[in-house]
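J.: Provided below for reference: sequence and predicted model.
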Amino acid sequence: MKKITSIKTRITIWYTTLMFILIAIVLALVGTLSYRLSLDNIEKNVTLQVTQVSEKFSKRQDDVFKNVDSNKEFKNVSIYTSDGNYIVGQYNYDISGIAFREGKPRRETVDGKEYIVYDVQKHSLPGGHNGFWIRGAESVSSTILFGRSAIVIILIIIPLILLFTAFGGYYITKKAFLPVNNIIKTATDISAQNDVTRRIEIAPDAKKDELHDLSVTLNKMLDKIENLIKQEKQFTSDASHELRTPISVILAQGEYLLDIAQNDKEKELAENIVTKAKQVSELISRLLLLARIDQNRQKFNKEKVDLGVLTDIAVDSLKSLAEEKNIQLLTDIEDNLIVNADEVLLLSAITNLISNGIKYGNESGYVSVSARRSGNAAEIIIADNGIGIPEEHIGKIFGRFYRVDDVRNDEYGSNGLGLAMVKSIINLHGGEITVKSKFGQGTEFRIMLNE
Ligand code: ADP
């Protein structure tokens with residue numbers, strides 16, 4: 001069975017059940033009490049009528065039979081002969097089968113119906129009679145005990161009260177929980193769109209209850225988080241700026257040292273400085289680009305770009321890198337495939353993906369770039385038959401500084417910012433990038449861009 005998870009439904013079920021139990025307990029108590037009282041009343045009534053008729057007999061009043069036949073006071077009395085044959089009486093219960101017995105009023109059941117029966121025997125009277133049985137009787141069916149109104153209450157009014165409670169309560173709870181829906185919606189939007197500028201909507205006339213306070217507190221918390229993120233972005237941007245000049249100086253001087261190196265040892269040291277300085281310089285450029293995109297400061301010139309031309313430029317720039325590993329660079333671009341994009345940024349994204357294909361490709365493998373129209377969009381696929389990405393890493397590779405294997409990637413001087421940058425660039429274009437990969441077989445990146 002499906003578990004009920006909505007608090008509204010659970011609260012409604014809880015208080016409706018509680019209401020039902022309370023009504024049941026009250027009804028049971030009131031019912032038992034009134035049942036006992038009614039039984040006592042019936043017993044008293046039957047006993048009284050029988051005693052009065054018996055007294056009339058004892059006083060030898062002549063109108064006894066007439067009275068028992070028609071007087072409303074004796075509607076629960078009948079008179080029988082001493083062998084149990086009916087003579088006169090007002091009630092029409094078929095209870096002559098119940099054996100006559102003197103004593104106290106008692107409960108008897110005939111054909112599933114219950115009666116209170118009270119018998120008194122009158123012995124032979126002067127005048128030749130053999131004697132009589134005076135029998136008082138009344139049915140104790142629930143209708144008589146509780147009355148019709150009680151049954152109407154149990155069968156109609158109580159279910160109506162329960163229905164009203166359930167629906168009314170659900171409506172009130174739903175209204176009270178409305179702010180929770182706003183909170184959920186805002187939280188979902190923030191995580192789906194990575195947009196911490198969103199806030200929980202609070203109606204100006206909203207009641208100042210606990211949920212209102214919660215919304216205000218969460219909005220304050222979001223203000224703080226947004227500020228922290230801004231500060232962090234500013235820090236990255238400032239730090240990268242500060243590092244740019246010293247690293248350019250190190251690179252320039254390293255290159256100078258390489259020029260004037262006197263022997264192999266000096267050459268090796270200078271080469272090391274140049275390589276590392278180039279890596280740090282590349283890292284700083286990526287960090288600066290990411291910071292600019294994050295802070296909406298990146299210059300973004302959308303123009304009509306021919307994807308075929310762009311891909312050729314990217315492939316040309318990476319030819320020598322591919323030749324080092326004997327990797328073939330294949331292209332298959334539909335003619336006149338024009339997209340609306342910032343040429344420099346898109347070139348950088350495509351170059352990055354091809355260069356990853358080469359970096360993580362096998363000797364004598366291939367990296368292919370294909371592109372075609374797909375509805376209103378252009379689809380660009382960059383695929384390789386390289387080392388692939390283990391499944392557990394696939395969801396994380398677009399994260400900043402994320403590298404699948406630190407040791408392996410150090411060989412390539414990688415920093416884990418390439419794919420983060422590519423994703424930021426594609427998002428800036430309003431596009432989408434996805435990846436499919438099989439460890440040991442190869443990787444495929446798919447970009448969708450609006451034309
Ligand atoms: P880097 O610039 O350091 O290569 P990226 O952000 O470009 O970092 O890539 C992140 C990680 O994803 C890399 O460490 C690498 O392990 C993996 N990766 C990226 N592209 C490929 C690919 N084509 N084949 C296999 N692994 C890849």
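T.: Yep, it's here.
J.: Can you point out the buried residues in the longest strand seen in the chain?
T.: The longest strand of the chain (DSSP state E) is strand 113-123. With burial defined by 16 or more other Cβ atoms under 10 Å, the residues of strand 113-123 counted as buried are 115-120, 122. Where C-beta positions appear, they are placed from N, C-alpha and C, glycine not excepted.
J.: what does it rub up against?
T.: 39, 42-43, 46-47, 50-51, 54, 57-58, 82, 93, 95, 98, 100-109, 131-141 (Cβ atoms under 8 Å, 6 or more residues apart in numbering).
J.: How about stretch 232-247?
T.: Contacts of stretch 232-247 (Cβ under 8 Å, 6+ apart): 277, 280-281, 284, 287-288, 290-292, 294-295.
J.: what stretches of the protein score poorly on pLDDT?
T.: 1-4, 61-62, 124-129, 142-149, 406-413 (pLDDT under 70).
J.: For it, list the residues in contact with the ligand, please.
T.: Contact residues, the chain versus the ligand (Cβ under 6 Å from any ligand atom): 356-357, 360, 384, 386-389, 397, 402-404, 409, 414-420, 443.
J.: Show me the contacts of strand 113-123 that map onto helices.
T.: 39, 42-43, 46-47, 50-51, 54, 57-58 (DSSP state H).
J.: ok, these vs V435, which is closest?
T.: L39 (83.1 Å; Cβ to Cβ).
J.: was I right about the closest one contacting R106?
T.: No: using Cβ atoms under 8 Å, L39 makes no contact with R106, being 11.7 Å away.
J.: Those two: which has the busier surroundings?
T.: L39 (16 against 13; other Cβ atoms under 10 Å).
J.: contacting residues around the residue nearest to that one when sequence neighbours are not counted?
T.: Distances taken as Cβ to Cβ, 6 or more residues apart in numbering put V140 closest to L39, at 6.6 Å, once the chain neighbours are dropped. Neighbouring residues of V140 by Cβ under 8 Å, 6+ apart: 38-39, 42, 107, 114-116.
J.: And the helices in the protein?
T.: 7-58, 64-70, 142-152, 158-176, 178-193, 210-260, 264-294, 307-324, 343-359, 391-394, 406-411, 418-428.
J.: contacting residues around the fourth one?
T.: Okay, so that is helix 158-176. Against helix 158-176 from outside (Cβ under 8 Å, 6+ apart): 7-9, 11-12, 15-16, 19-20, 23, 27, 209, 211.
J.: okay, those in TSV with neighbour count next?
T.: Below are the contacts of helix 158-176 laid out as TSV (neighbours: other Cβ atoms under 10 Å):
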residue	neighbour count
I7	11
K8	18
T9	13
I11	16
T12	22
Y15	16
T16	17
M19	16
F20	16
I23	16
L27	15
D209	10
L211	18
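J.: And the furthest pair within those residues?
T.: So for the contacts of helix 158-176, where distance means Cβ to Cβ, the most widely separated pair is L27 and L211, at 36.7 Å.
J.: Tell me how far the longest strand of the chain lies from the chain's centre.
T.: Averaging C-alpha positions (Cα atoms, centre = their mean, to the nearest Å) puts strand 113-123 67 Å from its chain's average.
J.: orientation of that strand relative to helix 7-58 in degrees?
T.: 10 degrees (axes from the mean of the first three to the mean of the last three Cα atoms, to 10 degrees).
J.: re earlier: just checking, which of the residues of the chain next to the ligand belong to strands?
T.: Per DSSP E, these map to strands at 384, 443.
J.: which of the residues of the chain next to the ligand count as buried?
T.: Buried among the residues of the chain next to the ligand by 16+ other Cβ under 10 Å: 356-357, 360, 384, 386-389, 397, 403-404, 414-420, 443.
J.: Of all the residues in the stretch 1-150 of the chain, which one is nearest the ligand?
T.: Residue of the stretch 1-150 of the chain nearest the ligand, by Cβ to the nearest ligand atom: T5 (37.9 Å).
J.: Who are the contact partners of that residue?
T.: Applying Cβ under 8 Å, 6+ apart, no residues contact T5.
J.: neighbours around V50, how many?
T.: 22.
J.: Show me what the closest residue to it other than its chain neighbours bridges to in the sheet.
T.: Spatial nearest neighbour of V50, chain neighbours left out: G136 (3.8 Å); criterion: Cβ to Cβ, 6+ apart. Assessed by DSSP bridges, G136 has beta-bridge partners V77, Y118.
J.: chain center to stretch 385-400, what's the gap?
T.: Distance, centroid of stretch 385-400 to centroid of chain: 31 Å (Cα atoms, centre = their mean).
J.: Now do it: everything it contacts.
T.: 290, 357, 360-362, 365-367, 402, 404, 416-417, 419-420, 422-423, 433, 435, 437-443.
J.: Give me the distance between the two termini of that stretch.
T.: Using Cα to Cα, to the nearest Å, the end-to-end distance of stretch 385-400 comes out at 25 Å.
J.: What about the residue in the stretch 151-300 of the chain that the ligand sits nearest to, how many residues nearby?
T.: The minimum distance from the stretch 151-300 of the chain to the ligand, using Cβ to the nearest ligand atom, falls at R286 (8.1 Å). For R286, the tally of surrounding residues (other Cβ under 10 Å) stands at 21.
J.: ditto for the one 5 residues further on
T.: The number of residues packed near A291 is 21, by other Cβ under 10 Å.
J.: quick one: contacts for it?
T.: 233, 236-237, 240, 297.
J.: V339 contacts G308, correct?
T.: No: the pair V339 / G308 is not scored as a contact, 10.8 Å apart, by Cβ under 8 Å.
J.: what's the closest non-adjacent residue to A383?
T.: For A383, the spatially nearest residue (Cβ to Cβ, 6+ apart) is E444, at 4.2 Å.
J.: thought the one you found was touching I433?
T.: No: assessed by Cβ under 8 Å, E444 is found out of contact with I433, at 11.2 Å.
J.: So if I had to pick from those two, which one is more boxed in?
T.: Using other Cβ under 10 Å, the more surrounded residue of E444 and I433 is I433, with 20 against 17.
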